[in-house]
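Colleague: Build me a model from this:
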Amino acid sequence: MPLIMCSRCNTLVSDESTVCPFCGLVLPGAVGAPEPSVDLDNGSLAPSISPVSDGRSFPRRHWKSLSLIAMLIVLVVGMGTLFRSHIENLINPIPVILSVTPTRDALPSSGGTVTVSARIGGASTCALALATGAATISVSVPARTACSDGRYVGHIAVGPNPFQRGEILLFRLDARRGRKVAHPAHIAVTIEPSVSESSSNWAGYTANSARPITAVDATWTIPLMHCATGNGGLAVWIGVDGHAELNNTFASNNNLFQAGSESACVNGQQYDDMWWEWSPVNLSNPVFGVSPGDTVTAAVVHASANGQYGWWWVVEDDTTSQSESASSPVAYDGPGATADFVVEDPGVFGKGNLTQPFVGFTPITFSRMAVTTNTPPSYQPFSFSTFDPSGVVDMLHRFGGSLRTLVNGSLPTETVYGYGRMAVTYVGP
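Modeller: A predicted model of the protein is given here:
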């Protein structure tokens, strides 16, 4: 069998072979071998056909070509995606909020309504939401609604501000069409501070006096409680120096001299009695029982009676003509700085409504309210028209995530001879 020499590996192979089986070189002159061509690297004659791959090598220039082709494919696909996105945005643009106009940017402490009007581009639905603000103020916003005609109108309802500080509520208006959402617009609404004070356990009125107070008294009717709703307690009283106890902040160096009525619902039955107290020395002291609908009077008086000088408590049932009075067994030495007319959630001291349920009641009206001082004219009521509206106290309880007014106090109105009249009303929950 004729043999030929492989010029690359110097090995004899059959002339019938077109490729050297040892190095893969295409053999010139072999049967079926291609015509030689010029080797561009050294100018010599060389085979023009690359060696047959044995799976161990692939020309580097081919890899570069494939990389360039892949980069071109990625570039073309990316440009196509951008082009399609651009065309889609031209045909189906992202929504935009063009203008927002609220009817007002401030509300009184009592709250109110703000109407928001807006011009919208390319949206199908719009909605208002509270972005930031006091959780204690109740807020109502409309549900998501259609705004495909390019206009939106929504009404924000804001409840009263219970605190003596202003609050800023921030609302967000968003517009969308499918998954496309416009950049939101924001509306700020300021709600003015409340004139009245807020308390977790009191409602009524507390009056400051620049002159030492020497007597506080008032008359009211024992309320009918909503005992069908469950067990609970309620105290109605007048007193001196009680403001320090507001919101259960009573401290050991505070004093409070008071007298009034207390009612309790127990298993659907209402029980009532008259009582007096000097906190923190002589806590609640029941005196005699009374009934719903009875007209009662209570007073605390700094006076000389029966040869004794000091603070006295007085409780009367005007309906049954029962009455009791006595001087404080321990000399009361409070400053006489405030006069208090209060409906209270008695609870357990320091706990408020957390440990003592509070049920509803019929309105309580304090009448013949009087405050006297020890300066001329001695022991004469001074005008309620001079009282500060900030002395009104509202009782707030927490329901869910916000505080709601449970009982409203009110500013006393002056009656004849300088007496006052004031209503305390259950409004919650």
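
Colleague: Please enumerate the strands of the stretch 51-200 of the chain.
Modeller: 96-102, 106-107, 112-121, 125-132, 139-140, 145-146, 151-158, 167-177, 180-181, 185-191, 197-199 (DSSP state E, counting those that start in this stretch).

Colleague: now the helices: where do they sit in this structure?
Modeller: Shown for the chain, the helices assigned by DSSP state H span residues 60-91.

Colleague: Any stretches of the stretch 251-400 of the chain with poor pLDDT?
Modeller: 251-254, 304-308, 347-357, 374-387, 399-400 (pLDDT under 70).

Colleague: rewinding a little: hey, which of the strands of the stretch 51-200 of the chain is tucked in deepest?
Modeller: strand 197-199 (a mean of 22; mean count of other C-beta atoms under 10 Å). Using the backbone N, CA and C atoms, a C-beta is placed for each residue, glycine as well.

Colleague: And the contacts of it?
Modeller: By C-beta atoms under 8 Å, 6 or more residues apart in numbering, the surrounding residues in contact with strand 197-199 are 162-164, 206, 246-247, 390-396, 403.

Colleague: how does it look with 10 Å?
Modeller: Here strand 197-199 makes contact (C-beta atoms under 10 Å, 6 or more residues apart in numbering) with 136, 161-164, 203, 205-206, 243, 245-249, 342, 344-345, 352, 390-396, 403, 405, 407, 409.

Colleague: That strand pairs with which strands, and in what direction?
Modeller: strand 392-399 (parallel) (DSSP bridges).

Colleague: just how off-centre is the partner strand within its chain?
Modeller: Relative to the centre of its chain, strand 392-399 is centred 16 Å away, using C-alpha atoms, centre = their mean, to the nearest Å.

Colleague: Name the residues of it that are buried.
Modeller: By neighbour count with 16 or more other C-beta atoms under 10 Å, strand 392-399 contains the buried residues Val392, Val393, Asp394, Met395, Leu396, His397.

Colleague: how about those, which pair is most distant?
Modeller: The widest separation within the buried residues of strand 392-399, taken as C-beta to C-beta, falls between Val392 and His397 and amounts to 17.5 Å.

Colleague: quick revisit: nearest to Asp333, of the buried residues of strand 392-399?
Modeller: For the buried residues of strand 392-399, the nearest to Asp333 is Val393 (25.1 Å; C-beta to C-beta).

Colleague: what about Gly133, how many residues close to it?
Modeller: By other C-beta atoms under 10 Å, 17 other residues sit near Gly133.

Colleague: Apologies, that question was intended for Asn285.
Modeller: Counted by other C-beta under 10 Å, the residues lying close to Asn285 total 14.

Colleague: That one is in contact with Trp275, isn't it?
Modeller: Yes. Asn285 is within contact range of Trp275, at 5.8 Å (criterion: C-beta atoms under 10 Å).

Colleague: what residues are shared contacts of these two?
Modeller: By C-beta under 10 Å, 6+ apart, the residues touching both Asn285 and Trp275 are Ala259, Trp313.

Colleague: which residues does Ser328 contact?
Modeller: Phe257, Trp276, Trp278, Val281, Asn282, Val300, His302, Gln308, Gly310, Trp311, Trp312, Trp313.

Colleague: could you redo the last one with a cut-off of 8 Å?
Modeller: By C-beta under 8 Å, 6+ apart, the contact list for Ser328 reads Phe257, Trp278, Asn282, Gly310, Trp311, Trp312, Trp313.

Colleague: before we move on, the earlier item: for Thr425, which of the strands of the stretch 51-200 of the chain is the nearest?
Modeller: Going by C-beta to C-beta, the one of the strands of the stretch 51-200 of the chain nearest Thr425 is strand 197-199, 15.1 Å.

Colleague: Off-centre distance for that closest one?
Modeller: Computed by C-alpha atoms, centre = their mean, the chain-centroid distance of strand 197-199 equals 18 Å.

Colleague: Repeat that for stretch 125-144.
Modeller: Worked out by C-alpha atoms, centre = their mean, stretch 125-144 lies 10 Å from the chain centre.

Colleague: what about that stretch, average pLDDT?
Modeller: For stretch 125-144, mean pLDDT rounds to 88.

Colleague: Not counting its own residues, what contacts it?
Modeller: 111, 116, 118, 120, 145-148, 152, 154-163, 167-177, 186, 191, 396, 401-404.

Colleague: And the pLDDT at Pro28?
Modeller: Model confidence at Pro28, expressed as pLDDT, equals 65.

Colleague: Kindly apply the preceding question to Gln164 instead.
Modeller: In this model, Gln164 is scored at 72, pLDDT.
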